[in-house]
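K.L.:
coords please:
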Amino acid sequence: MNETLQTIIPYLVVWIGLGIFTYFIVKKSREKIGIDKYHELLNIVVPKGTVEKLRAYALIKGYKNEQQLIAKLIADEIEKDKDKLQ
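P.N.:
Numbers count the residues shown, from 1 in each chain. This is a model prediction of the structure:
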């Protein structure tokens, strides 16, 4: 029993340490890209070809993908209408 605990405890400590390390890495990377919380994706129906146009426009404007562009546009609209939301 004692030998088993001596074998298991170091692995348990490493496993917990790795979990804590991963938590802080994910937290730091979220701060770096400006994400406070992850949200579910918004699913909408758009005409055929719209997604490709939106993706191309986002790349032209310097965003990595269309989700970043949409998030920025939504954040801008919320900022404009902040007084109405309160």
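K.L.:
How far away from the center of its chain is the longest helix seen in the chain?
P.N.:
Longest helix in the chain by number of residues (criterion: DSSP state H): helix 2-33. Taking C-alpha atoms, centre = their mean, to the nearest Å, the mean C-alpha location of helix 2-33 is offset from the chain mean by 21 Å.
K.L.:
Where does pLDDT dip in this protein?
P.N.:
For the chain, the stretches flagged by pLDDT under 70 are 32-44, 86.
K.L.:
Show me how the protein divides into domains.
P.N.:
Listed domain ranges for the chain are 1-36, 39-86 (source: automatic domain parsing).
K.L.:
Around residue 59, count how many other residues there are.
P.N.:
Residue 59: 13 surrounding residues under other C-beta atoms under 10 Å. (Glycine included, C-beta is placed from N, CA and C.)
K.L.:
where's it, which helix or strand?
P.N.:
Using DSSP states H and E, residue 59 maps to helix 50-61.
K.L.:
C-terminal to that helix, what's the next element?
P.N.:
With elements assigned by DSSP H and E, the helix or strand that comes after helix 50-61 is helix 66-80.
K.L.:
That following helix packs against which elements?
P.N.:
Contacting helix 66-80 under the criterion 3 or more C-beta pairs under 8 Å, 6 or more residues apart in numbering; DSSP states H and E are the following elements: helix 50-61.
K.L.:
any idea how far the helix it packs on is from the chain center?
P.N.:
That offset, for helix 50-61, works out to 20 Å (C-alpha atoms, centre = their mean).
K.L.:
What helices and strands are in contact with it?
P.N.:
Contact here means 3+ C-beta pairs under 8 Å, 6+ apart; on that basis helix 50-61 packs against helix 66-80.
K.L.:
what's next to the helix it packs on, contact-wise?
P.N.:
Surrounding helix 66-80, the residues in contact under the criterion C-beta atoms under 8 Å, 6 or more residues apart in numbering are 41, 42, 51, 54, 55, 57, 58, 61, 63, 85.
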